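A.B. asks: Can you look at this prediction? I've put the sequence above it.
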Amino acid sequence: MAGTLYLVATPIGNLQDISFRAIEILKNVEQIACEDTRHSRKLLNFYEISNKLVSYHEHNELERSDEFAEILKQGKSIAIISDAGTTGINDPGYKMVQKAYEIGATVVPIPGAVAFVNAAIASGLPTDSLFFGGFLPSKKGQRRKRLDEVKQIPATLAFYESPHRLGKSLVDCLDVLGNRQAAVARELTKLHEEIVRGELKDLAEKYSSANSKGEIVLVIERAATGEIVKNNLHTIAERVKEMEGGGIEPRAALKKAAKEFGMSKSEAYRILQSQKQ
Ligand code: SAM
């Protein structure tokens, strides 16, 4: 029987942010796959783990996955860790996970820190619905296009950002998304941890003039309901019509469309009426 692939979360700064279970697994697997062996060795040394470390990054992901598959096929276990946080979140991992399923290995996630989740909970913005967009594109045109794509998502938005692009990205966020509440979470769990909250216009001004350092997550308020509704006016009417065309009774169609667009039935009804006038 094939072995187990463990996806083990490691700290995003403070070395103590790792679970007892993660340490046990790192001690006992056949080998540990990591992005940078020198970087991960520091964590292993801290916990007196002397297990074998093998590099696994975006450039050797495919060939390494084949090697790890051979080990798993022998019934042995492997752990994948990344330089920081949860492996597979903006880090290599999923190709190996696919491979593991192909060969009948068991896949087990070992939970722990994720930078955007911690930034979101500390931002003071609602997290009942949270959209994670990874890194925004480095080129201005592409970045603005991406922001335009996510503008209407009815969820708090979270992005990873590099310190030297932060000012420019905040200006683009302000221009494309409008002036929303936001937070810049920097160096979470580390010595210089800082969470700066405010309106995008103030943050854009602050970070355009100051050089920022360290690792950063940008968290932005969702679009106001009115804004989403305004932009969805036609789509709601179209959706109701579509469902009615498919034989759904008008009241049921309205109820269903309202649910799909994240609004109450009365709100959806009001929009449809305002369109008829
Ligand atoms: N796997 C990681 C996770 O679970 O969050 C993310 C890896 S991604 C390649 C690295 C980016 O995550 C950084 O550039 C930064 O945007 C964010 N990040 C990682 N650690 C952070 C920290 N301590 N504080 C703020 N942001 C952090």
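C.D. replies: Thanks, I have the structure now.
A.B. asks: tell me the contacts of the closest residue to the ligand within the stretch 1-150 of the chain?
C.D. replies: Nearest residue of the stretch 1-150 of the chain to the ligand, counting by CB to the nearest ligand atom: residue 85, 2.4 Å away. For the C-beta atoms, the positions are set from N, CA and C on the backbone; glycine is no exception. Residue 85 makes contact with 9, 10, 11, 12, 91, 112, 113, 114, 115, according to CB atoms under 8 Å, 6 or more residues apart in numbering.
A.B. asks: export the residues you listed to CSV and tack on distance to residue 47?
C.D. replies: Below are those laid out as CSV (distance: CB to CB, whole Å):
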residue, distance to residue 47
9, 14
10, 10
11, 11
12, 16
91, 20
112, 13
113, 15
114, 20
115, 21
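A.B. asks: Among the residues you listed, show me the least confident.
C.D. replies: Ranked by pLDDT, these bottom out at residue 91, which scores 92.
A.B. asks: circling back: apart from its chain neighbours, what residue comes closest to the residue of the stretch 1-150 of the chain closest to the ligand?
C.D. replies: Closest residue in space to residue 85, ignoring its immediate chain neighbours: residue 12 at 4.6 Å, by CB to CB, 6 or more residues apart in numbering.
A.B. asks: Helices of this protein, residue ranges please.
C.D. replies: Here the chain has its helices, by DSSP state H, at 20-28, 37-46, 61-73, 94-102, 115-123, 140-150, 166-177, 200-209, 225-245, 250-260, 265-276.
A.B. asks: Please tabulate these in TSV and include mean neighbour count and distance to the ligand as additional columns.
C.D. replies: Shown next, in TSV, are the helices of the chain (neighbours: other CB atoms under 10 Å; distance: least, CB to the nearest ligand atom, whole Å):
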stretch	mean neighbour count	distance to the ligand
helix 20-28	16	13
helix 37-46	15	12
helix 61-73	16	14
helix 94-102	16	12
helix 115-123	20	3
helix 140-150	15	15
helix 166-177	20	10
helix 200-209	18	14
helix 225-245	15	27
helix 250-260	16	31
helix 265-276	14	36
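A.B. asks: mean pLDDT for those helices: which is lowest?
C.D. replies: helix 225-245 (a mean of 71).
A.B. asks: if we can go back for a sec, wait, the residue nearest to residue 85 sits on residue 117?
C.D. replies: No: Residue 12 lies out of contact with residue 117 (CB atoms under 8 Å); the separation is 10.0 Å.
A.B. asks: Show me this structure divided up by domain.
C.D. replies: Following automatic domain parsing, one gets these domains for the chain: 4-110, 115-220, 225-276.
A.B. asks: circling back: which two of the contacts of residue 85 have the greatest separation?
C.D. replies: By the measure CB to CB, 11 and 91 form the most distant pair in the contacts of residue 85, at 13.7 Å.
A.B. asks: Turn the helices of the chain into a markdown table, columns for distance to residue 190.
C.D. replies: Converted to a markdown table, those look like this (distance: least, CB to CB, whole Å):
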| stretch | distance to residue 190 |
| --- | --- |
| helix 20-28 | 19 |
| helix 37-46 | 14 |
| helix 61-73 | 28 |
| helix 94-102 | 27 |
| helix 115-123 | 11 |
| helix 140-150 | 26 |
| helix 166-177 | 17 |
| helix 200-209 | 19 |
| helix 225-245 | 36 |
| helix 250-260 | 42 |
| helix 265-276 | 44 |
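A.B. asks: what about residue 216, distance to residue 170?
C.D. replies: For residue 216, the distance to residue 170 equals 11 Å [CB to CB, to the nearest Å].
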